[in-house]
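next one to model:
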Amino acid sequence: MTDRLRRTKILATLGPATDAPGVLEALFRAGVNVVRLNFSHGDPSGQARRAAEVRIAAQKVGLEIGILADLPGPKIRIERFAEGKVSLKAGDRFDLVASNDAPPGDASQVGVSYLGLPGDVKAGDVLLLDDGLMQLQVAEVQGERIVTTVLNDGVLSDRKGLNKQGGGLSLGALTERDRELIGIAAKIGVDFIAVSFCRNAEDMNEARRIAREHGSDAALVSKIERTEAIENLVEIVEASDVVMVARGDLGVEIGDAELPGLQKKIIKEALAQNKVVITATQMLQSMVESPLPTRAEVLDVANAVIDGTDAVMLSAETAAGAYPVRAVEAMARICLGAERQFQTETDYGKAQRNLERADQAIAMATMFLSEHIGVRAIVAMTESGGTPRFLSRFRASAPIYAISRHDGARRQMALMRDVFAINFDSRGLTPREAARGSIRVLVDAGLLAAGDRVVFTSGEHMETHGATNTLRLLEVGPDGRASGLGEL
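Numbering: from 1, shown residues only. This is a model prediction of the structure:
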């Protein structure tokens with residue numbers, strides 16, 4: 001149960017490095033809470049196989065592990081070169097050809113996957129290839145041909161990504177392939193669906209509609225990685241269940257100097273709207289090849305934790321790295337260290353006013369009570385995970401044990417900071433019987449002991465979504481049963 005002490009959650013990407021027998025179980029024991037299936041790589045059947053293996057491995061180790069399907073989105077790439085790669089020199093002319101009939105690339109030109117690119121650029125624009133390692137300045141647009149000048153020496157190889165500095169590309173977030181993949185993700189039974197390169201709330205609403213049409217209750221994750229997403233941040237967060245600070249393409253479009261401030265802005269906005277937030281991309285990048293992180297990476301992860309992120313993500317470190325389990329262990333160790341160093345101080349002056357929902361009001365009252373009288377834990381009976389999510393936004397010192405009979409709800413709560421989901425079937429029980437039963441489960445698991453005080457939340461009408469309206473202060477007796485100290 002040592003992992004219970006870590007409040008920040010870990011999201012790890014699966015790939016060739018995690019396919020060997022026993023690796024998934026090792027990752028989960030090391031601290032992974034949610035896995036990411038990157039639909040930009042591999043085929044859907046391979047991702048379905050990995051998802052099935054995750055469910056089996058999670059059952060073996062007895063942990064609630066969520067699955068996130070990450071859609072490719074409209075990633076713009078150059079096409080292939082005749083020789084696989086070319087060397088370019090600053091000052092050279094190099095053309096991008098937006099045509100299905102573009103010839104294999106050479107040192108003078110290469111095709112691009114986005115045929116609408118000539119309409120989105122003009123003379124003077126800077127195009128960034130291979131995460132900004134190669135920069136081209138647009139000289140002129142000649143029909144489907146974009147004439148550019150190379151700004152720096154470098155090597156360019158097949159299928160590298162392309163961004164426009166400052167953003168402004170008009171293509172939508174969901175491609176036809178993405179729409180198909182949402183249906184596949186629904187069939188696999190994933191818990192989260194991440195929308196890449198979203199521009200506005202409608203991108204998220206469309207993804208949600210498609211997911212629901214396919215019978216999926218997956219939480220929708222908006223990946224903030226375009227200039228347009230920053231401009232529409234408030235509406236995107238409102239339309240999302242989870243927000244991801246996708247620092248790779250965002251850093252390329254916006255510029256590295258702006259990235260730290262934007263990360264803090266995105267995290268702050270997500271928390272203000274009671275949404276879960278993930279910080280991602282190259283957090284422990286050196287561990288793709290090294291068994292230890294750099295000091296700069298340690299500080300990067302720790303600062304995200306201190307900023308209030310719910311989860312931190314590993315990409316190539318686990319998907320293709322030489323040390324996937326060590327990377328997770330390092331991430332868990334850093335998170336724990338940051339949490340120990342940072343003293344949570346809840347600022348109720350910034351709490352939402354004019355609450356319209358009873359469960360939100362109960363959550364706020366619960367956190368106020370727990371901070372001022374001192375309790376060992378907060379225990380929340382929940383159907384969908386809504387009340388634990390509201391509780392976790394206040395960043396209190398006591399852990400939140402979310403009691404739910406729904407597998408999907410427990411797996412979605414695996415991303416919520418401070419929240420630890422526990423399986424307990426309350427059907428047919430009165431609220432008081434459910435309270436006693438769930439406290440007994442926590443005592444048996446070693447999470448509570450005689451004499452511990454807890455704040456307990458539930459609804460008068462059990463098995464009803466959004467019905468939390470009761471708060472109790474309980475104490476665990478010598479026999480492991482809960483007795484009431486007071487009720488609000």
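
use CA for all of it now, contacts and neighbours both
Noted.

ramachandran angles for the most centrally placed residue in the chain?
The centroid of the chain falls nearest to Ile278 when counting by CA atoms, centre = their mean (3.9 Å). Here is the backbone geometry of Ile278 (degrees, to the nearest 10): phi -110, psi 140.

surely Thr318 meets Val23?
No: Thr318 lies out of contact with Val23 (CA atoms under 8 Å); the separation is 10.2 Å.

residues shared between the contacts of these two?
Val325 (CA atoms under 8 Å, 6 or more residues apart in numbering).

returning to that earlier point: surely the residue nearest to the centre of the chain meets Ala311?
Yes: the pair Ile278 / Ala311 is scored as a contact, 4.7 Å apart, by CA under 8 Å.

more crowded one of Thr318 and Val23?
A direct count of neighbours by other CA atoms under 10 Å for Thr318 and Val23 places Thr318 higher, at 28 against 15.

ok, now which ones touch that one?
12-15, 17-18, 288, 324-325, 327-328.

looking at this, it is in a helix?
Yes: checked against DSSP: H, G, I helix; E, B strand; the rest coil, Thr318 lies within a helix.

domain-wise, how is this structure divided?
Following the assignment in automatic domain parsing, the chain carries domains at 2-74+172-340, 85-164, 348-487.

I'd like those domains as CSV, with mean pLDDT appended.
Formatted as CSV, the domains of the chain follow (pLDDT from 0 to 100):
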stretch, mean pLDDT
domain 2-74+172-340, 96
domain 85-164, 96
domain 348-487, 83
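
now Leu169: which helix or strand?
Under the criterion DSSP states H and E, no helix or strand holds Leu169.

leaving out chain neighbours, which residue sits closest to it?
Excluding the flanking residues, the one nearest Leu169 by CA to CA, 6 or more residues apart in numbering is Asp120, at 5.7 Å.

next, the contact list for that neighbour, please.
Counting by CA under 8 Å, 6+ apart, Asp120 makes contact with 168-170.

go with 10 Å
Contacts for Asp120 (CA atoms under 10 Å, 6 or more residues apart in numbering) come out as 164, 167-171.

as a markdown table, the contacts of Thr318 with distance to Val35, secondary structure and neighbour count would be great.
Shown next, in a markdown table, are these (distance: CA to CA, whole Å; DSSP: H, G, I helix; E, B strand; the rest coil; neighbours: other CA atoms under 10 Å):
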| residue | distance to Val35 | secondary structure | neighbour count |
| --- | --- | --- | --- |
| Ala12 | 5 | strand | 28 |
| Thr13 | 6 | strand | 25 |
| Leu14 | 7 | coil | 25 |
| Gly15 | 10 | coil | 23 |
| Ala17 | 13 | helix | 19 |
| Thr18 | 11 | helix | 23 |
| Val288 | 17 | helix | 21 |
| Pro324 | 13 | helix | 29 |
| Val325 | 13 | helix | 25 |
| Ala327 | 14 | helix | 27 |
| Val328 | 12 | helix | 27 |
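
out of the residues you listed, which is nearest to Gln412?
Gln412 lies nearest to Ala12 out of these, by CA to CA, at 14.9 Å.

hey, what's the closest one bridged with?
Here Ala12 sits in beta bridges with Val35, Leu314, as judged by DSSP bridges.

follow-up on the earlier one: okay if I get the contacts of Asp120 as JSON lines plus neighbour count and distance to Glu238?
Shown next, in JSON lines, are the contacts of Asp120 (neighbours: other CA atoms under 10 Å; distance: CA to CA, whole Å):
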{"residue": "Lys164", "neighbour count": "24", "distance to Glu238": "27"}
{"residue": "Gly167", "neighbour count": "18", "distance to Glu238": "22"}
{"residue": "Gly168", "neighbour count": "14", "distance to Glu238": "22"}
{"residue": "Leu169", "neighbour count": "18", "distance to Glu238": "23"}
{"residue": "Ser170", "neighbour count": "12", "distance to Glu238": "22"}
{"residue": "Leu171", "neighbour count": "17", "distance to Glu238": "22"}
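
circling back to that earlier point, what sits in contact with each of Ile278 and Ala311?
Between them, Ile278 and Ala311 share these contacting residues under CA under 10 Å, 6+ apart: 8-11, 244, 304, 415-416.

so which of those wins on neighbours?
Neighbour max across the shared contacts of Ile278 and Ala311 (other CA under 10 Å) = Met416, 30 neighbours.

nearest residue to that one in space, please, no chain neighbours.
Nearest to Met416 is Asp310, by CA to CA, 6+ apart, at 5.6 Å.

residues near the one you found, how many?
28.

who are the contact partners of it?
So Asp310 contacts 7-10, 242-243, 267, 271, 275-279, 304, 392-393, 414-419 (CA under 10 Å, 6+ apart).

and it, how far from Tyr323?
Going from Asp310 to Tyr323 by CA to CA, to the nearest Å gives 24 Å.

go on, Val23?
11 Å.

between the two, what contacts are shared?
Ala17.

ok, the closest residue to Gly189 other than its chain neighbours - contacts?
Using CA to CA, 6+ apart and skipping the chain neighbours, the partner closest in space to Gly189 is Ser216 (7.2 Å). For Ser216, the contact set (CA under 10 Å, 6+ apart) comprises 182-183, 185-193, 208-210.

between those residues, which is closest to His41?
Lowest distance from His41 to those (CA to CA) belongs to Ala185, with 14.3 Å.

so where do the helices sit in the stretch 251-400 of the chain?
Ranges of helices in the stretch 251-400 of the chain, per DSSP state H, counting those that start in this stretch, are 259-272, 295-307, 316-319, 324-341, 358-373, 386-392.

out of the ones you listed, which gets nearest to Lys160?
helix 316-319 (16.4 Å).

and the closest one, how far from the chain's centre?
15 Å (CA atoms, centre = their mean, to the nearest Å).

output it as PDB, nothing but the C-alphas.
The C-alpha coordinates for helix 316-319 follow below in PDB (Å, rounded to 0.1, in the frame of the first residue of the first chain):
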ATOM      1  CA  ALA A 316       9.000   7.500 -25.200                       C
ATOM      2  CA  GLU A 317      10.500   6.800 -21.800                       C
ATOM      3  CA  THR A 318       8.200   3.800 -21.300                       C
ATOM      4  CA  ALA A 319       7.000   3.100 -24.900                       C
END
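
that one: which residues count as buried?
316-319 (16 or more other CA atoms under 10 Å).

tabulate these (a markdown table), appending distance to Arg340.
Formatted as a markdown table, these follow (distance: CA to CA, whole Å):
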| residue | distance to Arg340 |
| --- | --- |
| Ala316 | 28 |
| Glu317 | 25 |
| Thr318 | 26 |
| Ala319 | 29 |
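
neighbours around Val86, how many?
17.

now do Arg295
9.

please apply the same query to Pro478.
The tally of other residues near Pro478 (other CA under 10 Å) stands at 10.

assign it to helix, strand or coil.
coil.

that one against Arg440, yeah?
No: counting by CA atoms under 10 Å, Pro478 sits too far from Arg440 to count as a contact (11.5 Å).
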